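**Q** just need the structure, nothing else, for what follows:
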Amino acid sequence: MNHFEAILAQVRTLLSSQQPRQVQALLDGLLEEELLSREYHCALLHEPDGEALARKISLTLLEKEDLGLAYSSWVCSRLQAPAVERATSYRDHGGHSLCATMELGLPEGSYLELLNSNADPLHLYHLSDNMDLPGEEETELTSEPDTDTINCDQFSKLLQDMEGDEETREAYANIAELDQYVFQDTQLEGLSKDLFNHIGTEECFSENMEVPVEAGQRPPKRRSLEEHPTDPKHRKLVPPSRSSLNCLDLPVGHIQLLPTLPQGLWQISGAGTGLPSVLIYHGEMSQVNHTVPSGSPTVSSLPKSPDRPCSTSPFAPSAADLPSMPEPALTSRVNEAEDTTSLSPCQEGPESSIKLPKWPESVERFQHSLKDKYQVEPENLSSPLVAVELVRARLERGSNKSQERELATPDWTERQLAHGGLAEVLQAVVDRRRPRETQVVAVLGKAGQGKSHWAQTVSQAWARGQLPQYDFVFYVPCHCLDHPGDTYHLQDLLCPPSLQPLVMDDEVLGHIVRQPDRVLLILDAFEELEAQDGLLHGPCGPLPPEPCSFRGLLAGLFQRKLLRGCTLLLTARPRGRLTQSLSKADAIFEVPSFSTKQAQTYMRHYFENSGTVGDKDKALGLLEGQPFLLTHSHSPVLCRAVCQLSKALLEQGTETQLPCTLTGLYVGLLGPAVRDSPPGALAELAKLAWELGRRHQSILQETQLLSVEVRTWAVTQGLVQPTLGTTETHLAFSSFLLQCFLGAVWLAQCNEIRDKELPQYLALTPRKKRPYDNWLEGVPRFLTGLVFQPQAHCLGTLVEPAVVDRKRKVLTRYLKRLQLGTLRAGRLLELLHCAHETQEPGIWEHVVHQLPGHLSFLGTRLTPPDVHILARALETASQDFSLDLRQTGIEPSGLGNLVGLSCVTSFRAALSDTMVLWESLRHQGEPQLLQAAEEKFTIEPFKAKSPKDVEDLDSLVQTQRLRNPLEDEALDLPAIRHLKKLEFALGPVLGPQAFPTLVKILPAFSSLQHLDLDSLSENKIGDEGVSKLSATFTQLKVLETLNLSQNSITDVGACKLAEALPALAKSLLRLSLYNNCICDVGAKSLAQVLPDMVSLRVMDVQFNKFTAAGAQQLASSLQKCPQVETLAMWTPTIPFGVQEHLQHLDARISLR
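**A** The predicted model follows:
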């Protein structure tokens, strides 16, 4: 009660001394702050009793509990605003009145709510000053040059309270982030000094600013000096004694930062105040002439806070708080009026020109060193010699029970190529970035596809000046981050100690932290870190003050807390832990494989660069003579291996051919190296390859090799190679497939693994039964190939014959016992590859003869090697097959190879891909293959789940009409002529849009028997859709099932449907109108047409809106229809007693 009396006393005092206009302004302010409802506000405006008005306002403020006193102070400031307005008013040059008003308000709640509010910080500062001086009704304004508007002691106390509040510890850290955002530099190199030539006399640097003009008024033209008499309102400012400001008085209103100015400059404008823009500069700037002409008006400033030499905003920390951030801030006004009459002395002298800010010398030196490092890096010898365009990709949940995310497999014609290379892709992605949000871009691809080459290309492009949107690009191979310990800082992540050292001092780091949006961080080969559990979920703040592990730093990046606003580019394999965390990535790209033409171009370039141009045609002949390796050449690393072996064979000068298996390819490459190896060298290297693969690593230390002789041999033979750009003695396997091959060598010759455990490493069993996670995905094929290779042609000298024979028997027994019907499509393909690598006719024939007649690869990606192995298996099986090749991404050439097999009697594929195949066969002049492709293609049953499905179906119908203009049924495409079931499930948004296209082509399906327009998400084709559909009934002569459930059909649509149903009287068996909006009128029209439907057996009208009257009409009509077996009629609008009575009269009425 005492609290209320205190508030009431203050409100009485305030109201007694104010005018009605000021009281109304107070009530309007309470309404704006949502302290009053509109109804209550209107009631208070008409309150005649002053005492009652004071009590009602006090009660409103008291509802805020402990904030009542603060709100009373706020009320005081609201009522004092006119007085301040009078004190700050003056006449401008044209005689217009200028005023500045302040609306002060304190958000309710804790400090946490204060931080999250939209309150203007300057309002809060003035509020703190006014709260300390409650007895003063009006403060006299001064014109001293060193005036201040912020009470330092008040704000210091506020910060101390905030720091002790546990609720605001995390929010307090956000203040630093806000500071980085507001005061971040914006890099625009090379702007001319003439940009600021239009600045007039009033734009010279001073320590005070003009009060803004009233909203809605235009600032008048500047008059000459003679027009201004010696008026006290136009006093000359005291010349400043420094070239920098201690305090900046900003206008009340919104502040706009324009990121298009040079580095260190920001333009701030107050919306709706009439104040011209303000330039703020942080950093050193040359001295300029600060003399102000005598004609300049006096600038009145706000009250000076007591005992405060100068003030700094909490959002602008001093240099001690942020590294490399200067304390002073220079300000200058930019004149918005275009018609100035004279130039100021500041513009006349060349020494007064404003120099664009520059980076600190250490920052520029670091950037130049970084660019020099990327420019001098040698070209990787294993990099692709043929440029390929990235493909846009997306993730989707897998079909297995684990629901892991994996790369979606688009149709061949659906692929979206990212033209222009990765540098151009980054430019397009950054253009769409959200402000102050980390941009995550992922580039996925199988091992050896050239991901690292792409990443290095980006850093080199930046060094050449092709990525101006970034000030710094850091290329970091992830194997450099795989170090234990908790002694790492952000510098160690950007410039790992194991790379070539670059000096990054605190000044450089502070510059980078303040401008994270100008930073591109490339983490290459992220799969190297996947062995660390919980890598992406560790705790990390915006900038860890204490050293932490690399795991914590990476967690901060992925959680978008560390370097928030930067661009993060990741390269990794499509299967792994990283893929599960990319669901919210801003862009995902995939590195595609080589086409056959690109593989041949790669081989030509390889021989041209190696100086053996004359052998390239012979090498191409060897490759074309081995179709299996030709299809495997879609991978750059395998294409290079084929080139190396071809070159070695051609140098021997003997008539030979390339091997027909991957195992034979690598045996041929390693054979000469093994013959010249030190004793036990290959076994030692193979064991290291296997152990590193178990830990998801491919980099080894030189010290891990036991002897210098072995290390020298491995490097000389090209099995391992030093990592580029590192200071430590790191060695990397020359390719991932080579590491897989060496790991398989270890499994094939070691005695540590029992023979009965060997089949588990083929990765054909469920994951819970496998002893490892198949990170070395090439091991199963190499293992079967090594075990079954002839001793004379393999690495038989490493393994005892007895050991090999024992392991061969184990694998043979395992492969012959597998039930192919229980294997999923991916494992079935892997089994076919393993059987091919064995080169054992008995195993191959046993496997292919167990293939089922219908093979579905729906959702499984089919690469060129998969297509080749599948075609060979189908030819060997000697039986008929039907193939489902939808969502496999199969190339048109591979699709043509499978379709052309005589054993394939029918196939399903994407409509767009199939039509592309037909068109290519037509242009190639292959009529027989074209006829086979058209006759074997089927779309039965067809389900449209997207607008593209409807468009493709429409294109298929148009293709038929072009080839059969006379509409001869004998010339119709079999796929269209034989379609019997069509489903439409696009949902309530896309359904009404795509349904008119579907209705237009429905008459083309002469054999359509089942039309299902029901969807779990409701298509909602409505009455208009039913009306269009009814017009096609006369051409759907064999339609047996019509499902119109959940389509928002009303009486209008039901009547239209009833009028057209007699056209289906002889064929329609089932009609469903479940869950629509049919009332009694629609039920009556359906009841009238029901006796005419002589073939109808089941009718479902449940969950509609007709009443007992409509139900009775349907029941009466049912008595005339002995052929109807079931009428489902339950609906909540019919009394249950009526429904039971109708069911008792006719048992065919169902109430389920």
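
**Q** what pLDDT does residue 978 get?
**A** Looking at residue 978, its pLDDT reads 92.

**Q** nope, residue 1082 is what I was after
**A** 95.

**Q** how much space is there between it and residue 1073?
**A** Going from residue 1082 to residue 1073 by C-beta to C-beta, to the nearest Å gives 9 Å. In this view, the C-beta of every residue, glycine as well, is placed from N, C-alpha and C.

**Q** which residues are common contacts for the two?
**A** 1049, 1054, 1104 (C-beta atoms under 8 Å, 6 or more residues apart in numbering).

**Q** in whichever strand or helix holds residue 1000, which residues are buried?
**A** Per DSSP states H and E, residue 1000 falls inside helix 987-1001. Across helix 987-1001, burial judged by 16 or more other C-beta atoms under 10 Å covers 987, 990-992, 994-995, 998-999, 1001.

**Q** now stretch 740-756
**A** Buried-residue list, stretch 740-756, by 16+ other C-beta under 10 Å: 740-749.

**Q** got the end-to-end distance for that stretch?
**A** 21 Å (C-alpha to C-alpha, to the nearest Å).

**Q** and for it, what's in contact with it?
**A** Contacts of stretch 740-756 (C-beta under 8 Å, 6+ apart): 663, 666, 670, 682-683, 685-687, 689-690, 693, 719, 733, 758, 761, 776-779, 782-783, 785-787, 795, 798-799, 803-804, 806-807, 810.

**Q** buried ones among those?
**A** Buried among those by 16+ other C-beta under 10 Å: 663, 666, 670, 682-683, 685-687, 689-690, 693, 719, 733, 758, 761, 776-779, 782-783, 785-787, 795, 798-799, 804, 807, 810.

**Q** residues touching residue 1065, list them.
**A** So, once contact is read as C-beta under 8 Å, 6+ apart, residue 1065 ends up touching 1092-1095.

**Q** one more time with 6 Å, if that's ok
**A** 1092-1094 (C-beta atoms under 6 Å, 6 or more residues apart in numbering).

**Q** try residue 566
**A** By C-beta under 6 Å, 6+ apart, the neighbours of residue 566 are 438, 516, 519, 521.

**Q** which one of the residues you listed is nearest residue 1034?
**A** Taking C-beta to C-beta as the measure, residue 1034 lies nearest residue 438 of the contacts of residue 566, at 60.0 Å.

**Q** so what touches stretch 653-670?
**A** Applying C-beta under 6 Å, 6+ apart, the contact partners of stretch 653-670 are 622, 625-626, 628-629, 641, 645, 649, 741, 782, 785, 794, 837.

**Q** ends of that stretch, how far apart?
**A** 19 Å.

**Q** next: stretch 1028-1044.
**A** End to end - C-alpha to C-alpha - stretch 1028-1044 spans 13 Å.

**Q** quick check: buried residues in that stretch?
**A** Buried positions in stretch 1028-1044, judged by neighbour count with 16+ other C-beta under 10 Å: 1028-1030, 1032-1033, 1036, 1039-1044.

**Q** let me see the contact set for residue 491.
**A** Residue 491 sits next to 504, 509 when contact means C-beta under 6 Å, 6+ apart.

**Q** circling back: pick the one among the buried residues of stretch 740-756 closest to residue 856.
**A** Nearest to residue 856 among the buried residues of stretch 740-756, with distances taken as C-beta to C-beta, is residue 740, at 29.0 Å.

**Q** in space, what's closest to residue 911 - neighbours in sequence excluded?
**A** Nearest residue to residue 911 in three dimensions, chain neighbours excluded: residue 952, at 3.7 Å (C-beta to C-beta, 6 or more residues apart in numbering).

**Q** quick one: contacts of stretch 597-617?
**A** 385-386, 619, 633, 639, 643, 650.

**Q** that older thread, TSV for the contacts of stretch 653-670, including distance to residue 566, secondary structure and pLDDT?
**A** Below are the contacts of stretch 653-670 laid out as TSV (distance: C-beta to C-beta, whole Å; DSSP: H, G, I helix; E, B strand; the rest coil; pLDDT from 0 to 100):
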residue	distance to residue 566	secondary structure	pLDDT
622	48	helix	88
625	51	coil	88
626	47	coil	89
628	45	helix	91
629	43	helix	90
641	38	helix	91
645	44	helix	90
649	49	helix	88
741	39	helix	93
782	41	helix	93
785	45	helix	91
794	51	coil	61
837	45	helix	94
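
**Q** from the residues you listed, keep the buried residues only.
**A** 622, 626, 628-629, 641, 645, 649, 741, 782, 785, 794, 837.

**Q** for these, which one is nearest residue 1015?
**A** Closest to residue 1015, out of all of the buried ones among the contacts of stretch 653-670 and judged by C-beta to C-beta, is residue 628, at 45.4 Å.

**Q** now do the contacts for residue 44.
**A** residue 27.

**Q** numbering from 830 from now on, please.
**A** New numbering, starting at 830: the last item is residue 873.

**Q** next, the buried residues of the helix or strand harbouring it.
**A** In the assignment (DSSP H and E), residue 873 maps to helix 867-874. Buried residues in helix 867-874, counted by 16+ other C-beta under 10 Å: 870, 873.

**Q** what's the model's confidence in the next helix or strand after that helix, averaged?
**A** Toward the C-terminus, helix 867-874 is succeeded by helix 879-891 as the next helix or strand (DSSP H and E). Taken as a whole, helix 879-891 carries a mean pLDDT of 81.
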